[in-house]
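Trainee: give me the fold of what follows.
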Amino acid sequence: MSDKVSDKEKMFYRLLLGAFVEREFVTTKTMSEITSMAESTTRRYLLRFRDLGVSRPDGKNRGTKYYLSVR
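Mentor: Numbering: from 1, shown residues only. Below you'll find the model as predicted:
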């Protein structure tokens, strides 16, 4: 993980990977429930990890599903 990632983002990352162990994909709502964060914050983190190549989105707006990227 890059040094550019904050401690809160690292915590979110661990929870995100844990969610992918149990699920094929996650949504903003799912991750918001898992992390107890506001959906707006969750969406920002999901987009951050999309930009870092950790996940890949499928869909738009509320219907977006995030899948674990295979490297």
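Trainee: quick check: mean pLDDT across the particular helix or strand that has F49 in it?
Mentor: Following DSSP states H and E, one finds F49 within helix 39-51. The pLDDT scores in helix 39-51 average 94.
Trainee: what comes up buried for that helix?
Mentor: Within helix 39-51, the residues that count as buried by 16 or more other CB atoms under 10 Å are 42-43, 45-46, 48-49. Where you see a C-beta, it was placed from the backbone N, CA and C, and this is true even at glycine.
Trainee: mind listing what the next helix or strand along the chain from it pairs with, with the direction of each?
Mentor: Under the assignment DSSP H and E, the closest C-terminal helix or strand after helix 39-51 is strand 55-58. Partners of strand 55-58 in the sheet, by DSSP bridges, are strand 65-68 (antiparallel).
Trainee: distance of R56 from S36?
Mentor: 25 Å (CB to CB, to the nearest Å).
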